[in-house]
Structures are given as structure tokens and as C-alpha cells.
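[1] Below are the sequence and a predicted model for it; my questions follow.
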Amino acid sequence: MLYIIRHGKTDWNVRHKLQGRTDIPLNDEGRQMAEAAREQYRDVHFDLCFCSPLIRARETAEILLRDRNIPIITDDRLMEMSFGSFEGLENSFQIPDCPVNELFFHPEQYVAQPGAGENLDDLFARTGEFLREKVDPLLKEGKDVLIVGHGAMNSSIVCQVRGLPRAQFWSAGIENCKLMQLP
């Protein structure tokens with residue numbers, strides 16, 4: 001079985017800042033969310049955990065799996081989508097005609113402007129490669145796999161596993177520290 005979970009909250013989540021690849025740690029609320037998830041999902045079996053190398057995801061994985069003998073393996077393909085020059089931008093929805101907002105309102109039409117990070121094609125390519133190379137063989141062996149990641153990165157996995165069109169990119173509603181079983 002495949003499971004995904006998004007990292008706990010950060011100060012940038014609270015301030016509605018685009019994080020992307022910026023390596024922002026969990027805040028106290030995020031750590032508490034991970035602790036609560038640890039308790040809530042303690043009886044869910046995982047054979048191993050793949051994790052984004054960004055600190056907010058790694059810390060979430062470490063808290064979630066503390067005292068469980070489950071390997072945590074980082075993979076760069078699980079990093080959050082890059083927002084390039086838009087990383088750190090606060091409240092983009094309050095900025096009329098901000099190009100990055102297209103990703104959130106019409107993901108099927110989103111094209112990253114030069115310097116504005118990753119396109120969905122790139123995100124889907126790297127996460128799809130990760131699924132084919134690392135996850136699919138383990139699932140065929142009957143393993144239970146956990147991925148600890150990010151909102152956009154996890155959404156790309158959901159779309160690929162469930163065969164969803166890009167127009168439904170955000171339809172799974174990837175909340176902080178909520179475990180999702182796929183498919």
C-alpha cells in the first residue's frame with residue numbers, strides 16, 4: 001500500500017508565503033501536528049519511508065516515525081516544486097495578475113515564466129520517475145510505503161497514481177500532517 005503525508009506547518013505556511021525549495025523548518029505548531037499524527041497513525045504499518053530532503057519534511061518524518069524501526073530514505077525527486085523568483089512571496093492571491101497564481105486556479109494552463117521555477121511537466125517527470133523506479137517495485141513485493149513530502153509534490157503523485165487530469169491537480173486537498181492512502 002502507498003501512503004503520503006504532507007509536512008507539518010511552518011511559519012511561512014502561516015504567513016501564506018510560497019516556500020517551494022526554500023528550506024524552512026517546522027514551527028512549534030508543525031511539530032505538535034507531527035506529534036499528533038504520530039499518535040493517530042501509530043498503528044498504520046509502514047515498511048519504509050521515502051522523504052523529501054527539505055528540513056520541514058525530514059523533521060515531520062522523524063517525529064512521525066520516532067521509536068519505530070522504519071528506515072527514512074531521502075530522495076531529491078521528492079523536493080517541493082520550485083517556485084523560483086516567487087519563493088518567499090507573501091499572499092500572492094492579493095496581487096492582481098501574479099503569474100504564479102495560475103498554478104493554483106488553473107493548473108492545467110500553468111506555464112512557469114523564466115526564472116519562476118518549475119513547470120508541471122518537470123514536476124510530473126521527476127515524481128513519475130521516482131514512483132516507477134522506487135515505489136512500484138516495492139508495492140509489487142507487497143510493501144507498505146510512506147512518502148513524506150509537500151503540497152504540490154504530493155499532488156503530482158496523487159494525480160499520477162489516480163490518473164487524474166491536471167485540472168484536478170489540487171483536488172485531493174493535501175493538508176498538513178494528514179495521512180492519505182493511495183490509490
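    All right, it came through fine.
[2] how close does the most centrally placed residue in the chain get to Leu48?
    For the chain, the residue nearest the mean C-alpha position is His150 (1.9 Å; Cα atoms, centre = their mean). Using Cβ to Cβ, to the nearest Å, His150 is found at 19 Å from Leu48. The way it works is simple: take the backbone N, C-alpha and C, and place the C-beta from them, glycine included.
[3] where's the residue nearest to the centre of the chain relative to Ile95, distance?
    In terms of Cβ to Cβ, His150 sits 22 Å off from Ile95.
[4] Which parts of this protein are helices?
    Secondary structure of the chain (DSSP state H): helices at 11-14, 28-40, 55-64, 101-105, 120-130, 136-140, 151-162.
[5] Show me the one of the ones you listed that comes nearest Leu179.
    Leu179 lies closest, by Cβ to Cβ, to one member of these: helix 28-40, at 6.9 Å.
[6] Excluding its own residues, what touches the closest one? List them.
    By Cβ atoms under 8 Å, 6 or more residues apart in numbering, the surrounding residues in contact with helix 28-40 are 5, 7-10, 13-14, 26, 56, 59-60, 63-66, 176-179.
[7] Tell me the gap between it and the middle of its chain.
    17 Å (Cα atoms, centre = their mean, to the nearest Å).
[8] which of the residues in it are buried?
    For helix 28-40, the neighbour count (16 or more other Cβ atoms under 10 Å) marks Gly30, Arg31, Met33, Ala34, Ala37, Arg38 as buried.
[9] and what of stretch 53-70?
    Buried, per 16+ other Cβ under 10 Å, within stretch 53-70: Leu54, Arg56, Ala57, Arg58, Glu59, Thr60, Ala61, Ile63, Leu64, Leu65, Ile70.
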